[in-house]
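Enquirer: Requesting a structural model of the entry that follows:
(one chain, ligands or ions: 1)
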Amino acid sequence: MTVSTTLPLVASLRETDPDLAALIDAEGRRQSESIRLIASENYVSQAVLEATGTLLTNKYSEGYAGKRYYEGQQFIDEIETLAVERAKALFGVDHANVQPYSGSPANLAVYLAFLQPGDKVMGMALPMGGHLTHGWGVSATGKWFTSVQYGVRKEDGRVDLDEVRDLALAERPKLIFCGGTAIPRTIEFAGFAEIAAEVDAVLVADIAHIAGLVAGGAHPSPVGHAGVISTTTHKTLRGPRGAMLMSDEEHAKKLDRAVFPGLQGGPHNHTTAAIAVALKEAATADFKAYAHRIVANAKALAEAMADRGFDLVSGGTDNHLILADLTNRAIGGKPAAQALDRAGIELNYNTVPYDPRKPFDPSGIRLGTSSITTRGLTEEHMPQIAAWMDEVITAEGDGDSSVASRVRNEIREFVAPFPIPGYSD
Ligand code: DSN
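Expert: As a prediction, this is how the structure comes out:
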């Protein structure tokens, strides 16, 4: 069997737990041999991987730098302060909290900071591109708060700010979320800010998907428009799995108290260190160019898909993300995504706005270009990816599953010159 190297500390892991090491190796090979188009994923750098795998995981640090509930924080305080200061400098914000465990807890902390149970929140509906934690019914945020939801226009798949304003004026929410998980177009932070001001609501920009684009100047920034900014750190930003809350001075204290002690115990210090590394990387000129390449690749992929008859929600993309409605391809999003996975193209099935099908078997697929851009793929590679998608989906619709295995071999060869950090054959 070929021995692959997946982790910096792989030698001990292989000895202590060969079964687990073998599974991690297999996952490394899978990540390396496929074309990853999951819009919320990325490949972190070797430096971020190394920071995540350090002995910082041994330490408890409840509290904030300079005010902890456990001793021995001499270096942890410096690490967390480094992450906070880098976040503030990169995004140009007054305040940053790098402790939320992930995006959903970060958003829950926002509710805890500014609402009482039963208070009204307004967010984009999940099937329209929003997030569970923006008040969707099955989430605690939809159960414990009164939620009103906006969507996109049926004709063009875009948010209609006039409709959002009318809803806000009628419902007067205390909190308004903009942003989401399946929005292929630029988020109009200034327009949302005007509406929030009219109804005296706190505007929360959830930039989880686009944080790297914002940092790299490839998407407008919410700073100066949204009082609170929530983001994960592992999507376009290319950090470890974690999250941050950023804000102006006015909202800072309430957010900090909501994260700790309101919602969480000790922060995950190994993650904080890796966030600090990712923020340093994101402040470079190289990252800026990378963010723009993500968007260029998404636009090229969207164009190549449209040329092949894919029906794209909103007609294309302004960012890293593409949402395709497969209704005209006579196949559901789920069987299409499963066939593509067998062929070595990894993405997720997704509802599309006004989807007549169920969320577990919806009409669409969602794609993103951050991971393939990290690997070094460029615009010239996008037509080939669109061609493979077209071929596999067409064959699957015709009941021919042999095409997927042929394409899988082609893809393995295609991606071989583009290694991923953390894995080598
Ligand atoms: N699961 C994330 C995504 O895929 O967009 C959002 O939480």
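Enquirer: Kindly report the residues of the protein close to the ligand.
Expert: Proximity of the chain to the ligand, by C-beta under 6 Å from any ligand atom, involves residues 40, 103, 131, 181. Glycine gets a C-beta too; all of them are placed from N, C-alpha and C.
Enquirer: mind checking how far the helix or strand bottoming out on mean pLDDT in the chain is from the chain centre?
Expert: Least confident helix or strand of the chain, by mean pLDDT, DSSP states H and E, is helix 10-16 with a mean of 85. Centroid separation between helix 10-16 and its chain, computed with C-alpha atoms, centre = their mean, to the nearest Å, is 31 Å.
Enquirer: Then stretch 143-151?
Expert: On C-alpha atoms, centre = their mean, the centre of stretch 143-151 falls 22 Å from that of its chain.
Enquirer: tell me the mean pLDDT for it?
Expert: Confidence for stretch 143-151, expressed as mean pLDDT, is 98.
Enquirer: Go through the residues of the chain next to the ligand and say which is closest to residue 267.
Expert: Checking the residues of the chain next to the ligand against residue 267 with C-beta to C-beta, the nearest one is residue 103 at 15.4 Å.
Enquirer: tell me which element residue 366 falls in.
Expert: strand 364-368 (DSSP states H and E).
Enquirer: Dump the residues of the chain next to the ligand to TSV, plus neighbour count and pLDDT.
Expert: Converted to TSV, the residues of the chain next to the ligand look like this (neighbours: other C-beta atoms under 10 Å; pLDDT from 0 to 100):
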residue	neighbour count	pLDDT
40	20	98
103	26	98
131	25	98
181	21	98
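Enquirer: Now flag whichever of those residues is closest to residue 229.
Expert: The closest of the residues of the chain next to the ligand to residue 229 turns out to be residue 103 (C-beta to C-beta; 12.1 Å).
Enquirer: Not including adjacent chain positions, what is the nearest residue to the closest one?
Expert: residue 232 (4.1 Å; C-beta to C-beta, 6 or more residues apart in numbering).
Enquirer: quick one: low-confidence parts of the stretch 1-150 of the chain?
Expert: 1-10 (pLDDT under 70).
Enquirer: and if we set it to 80?
Expert: Per-residue confidence for the stretch 1-150 of the chain (pLDDT under 80) gives these ranges: 1-11.
Enquirer: Where does it get nearest to the ligand, which residue?
Expert: Of all residues in the stretch 1-150 of the chain, residue 40 sits closest to the ligand, at 3.3 Å by C-beta to the nearest ligand atom.
Enquirer: And for the stretch 51-200 of the chain?
Expert: Closest point on the stretch 51-200 of the chain to the ligand, by C-beta to the nearest ligand atom, is residue 181, at 3.5 Å.
Enquirer: Distance check, the residue lying closest to that residue once chain neighbours are set aside against residue 303.
Expert: Distances taken as C-beta to C-beta, 6+ apart place residue 131 nearest to residue 181, at 5.1 Å, with adjacent residues excluded. Distance of residue 131 to residue 303, given as C-beta to C-beta, to the nearest Å: 28 Å.
Enquirer: Leaving out chain neighbours, which residue sits closest to residue 72?
Expert: Sequence neighbours aside, residue 59 is the residue nearest to residue 72 in space, at 7.0 Å (criterion: C-beta to C-beta, 6+ apart).
Enquirer: Is that neighbour in contact with residue 269, as I believe?
Expert: Yes. Residue 59 is in contact with residue 269 according to C-beta atoms under 8 Å; the separation is 5.2 Å.
Enquirer: now the strands for the stretch 1-150 of the chain?
Expert: With DSSP state E, counting those that start in this stretch as the criterion, the stretch 1-150 of the chain has strands at 35-36, 63-64, 67-68, 95-97, 120-124, 146-150.
Enquirer: Can you check what angle separates the last one from strand 120-124?
Expert: Angle, strand 146-150 to strand 120-124, by axes from the mean of the first three to the mean of the last three C-alpha atoms, to 10 degrees: 30 degrees.
Enquirer: Show me what strand 146-150 is packed up against.
Expert: Judged by 3 or more C-beta pairs under 8 Å, 6 or more residues apart in numbering; DSSP states H and E, strand 146-150 is in contact with strand 120-124, helix 161-171.
Enquirer: highest average neighbour count across the ones you listed?
Expert: Mean neighbours per residue, mean count of other C-beta atoms under 10 Å, is largest over those for strand 120-124, with a mean of 26.
Enquirer: Who does that strand pair with, and is each partner parallel or antiparallel?
Expert: strand 146-150 (parallel), strand 175-178 (parallel) (DSSP bridges).
Enquirer: hey, C-alpha coordinates of that strand in PDB?
Expert: What follows is strand 120-124, C-alpha atoms only, in PDB (Å, rounded to 0.1, in the frame of the first residue of the first chain):
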ATOM      1  CA  LYS A 120     -38.600  39.800  16.200                       C
ATOM      2  CA  VAL A 121     -35.800  39.000  13.800                       C
ATOM      3  CA  MET A 122     -35.800  39.400  10.000                       C
ATOM      4  CA  GLY A 123     -33.500  37.300   7.800                       C
ATOM      5  CA  MET A 124     -33.500  35.700   4.300                       C
END
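Enquirer: Now do that strand and helix 161-171, the angle between them.
Expert: Using the same axes, to 10 degrees, the inter-axis angle of strand 120-124 relative to helix 161-171 is 160 degrees.
Enquirer: Which residues belonging to stretch 399-410 are considered buried?
Expert: By neighbour count on 16 or more other C-beta atoms under 10 Å, the buried set for stretch 399-410 is 403, 404, 407, 408.
Enquirer: just stretch 329-348 next, same as before
Expert: 329, 331-334, 336-337, 339-341, 343-348.
Enquirer: Now do that stretch: distance from first to last residue.
Expert: End-to-end distance of stretch 329-348 (C-alpha to C-alpha, to the nearest Å): 17 Å.
Enquirer: what's the burial count for the closest residue to residue 143 other than its chain neighbours?
Expert: Among residues not flanking residue 143 along the chain, residue 137 sits closest, at 7.3 Å (C-beta to C-beta, 6+ apart). For residue 137, the neighbour count with other C-beta atoms under 10 Å is 12.
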